[in-house]
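Asker: sequence isn't available, so here's the structure alone:
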């Protein structure tokens with residue numbers, strides 16, 4: 001499997017940072033002369049485009065930003081600030097999402113583009 005095929009296979013397993021959909025098209029971008037080509041993933045749902053990188057520091061920064069945002073908002077059901085964040089994928093639909101669990105009260109919320117929403121209304 002070459003690098004492009006590997007990236008196409010892997011991006012199917014991650015959610016779009018904007019709409020959380022998992023349908024991407026991978027494009028090779030070689031615009032800069034004498035520079036290595038970049039791979040861009042384009043969401044087929046909302047058309048958000050981002051550079052695919054092997055630098056795990058970038059994902060770590062994104063994860064910390066999401067955790068901070070979630071902690072500021074608190075649990076939408078009880079307002080508690082002690083929350084755990086998990087990245088999950090549904091095997092049947094292959095949809096990936098972020099799940100927030102309220103540690104003290106066991107409330108579960110899903111993060112989507114509208115924000116944090118309590119799952120069991």
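Answerer: Perfect, thanks for sending it. Being a predicted model, the structure only gives us computed values, none of them experimental. Residues are numbered from 1 along each chain as shown.
Asker: distance of the closest residue to residue 107 other than its chain neighbours relative to residue 43?
Answerer: Once its chain neighbours are removed from consideration, residue 107 has its nearest residue in residue 77; the separation is 4.3 Å (C-beta to C-beta, 6 or more residues apart in numbering). For the C-beta atoms, the positions are set from N, CA and C on the backbone; glycine is no exception. Between residue 77 and residue 43 the distance is 30 Å, computed by C-beta to C-beta, to the nearest Å.
Asker: likewise residue 98?
Answerer: Distance check for residue 98 against residue 43: by C-beta to C-beta, it reads 16 Å.
Asker: can you check residue 15 too?
Answerer: Using C-beta to C-beta, which is the criterion applied here, residue 15 is 9 Å from residue 43.
Asker: what do those two both touch?
Answerer: residue 21 (C-beta atoms under 8 Å, 6 or more residues apart in numbering).
Asker: residues touching residue 105, list them.
Answerer: Neighbours of residue 105 in contact, by C-beta under 8 Å, 6+ apart: 75, 77, 78, 80.
Asker: can you map out the helices along this protein?
Answerer: Counting by DSSP state H, the segments of the chain that form helices are 3-11, 56-73.
Asker: the longest one: which residues count as buried?
Answerer: Under the neighbour-count criterion of 16 or more other C-beta atoms under 10 Å, helix 56-73 has 66, 70, 73 buried.
Asker: wouldn't the first one be in contact with residue 85 here?
Answerer: Yes: under the contact definition of C-beta atoms under 8 Å, residue 66 touches residue 85, with a separation of 6.6 Å.
Asker: mutual contacts of these two, please.
Answerer: Counting by C-beta under 8 Å, 6+ apart, the contacts common to residue 66 and residue 85 are residue 98.
Asker: before we move on, the earlier item: format the contacts of residue 105 as a markdown table; extra columns: neighbour count.
Answerer: Formatted as a markdown table, the entries for the contacts of residue 105 read as follows, by neighbours: other C-beta atoms under 10 Å:
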| residue | neighbour count |
| --- | --- |
| 75 | 22 |
| 77 | 16 |
| 78 | 11 |
| 80 | 13 |
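Asker: average pLDDT across stretch 30-42?
Answerer: Along stretch 30-42, the predicted local confidence has a mean pLDDT of 79.
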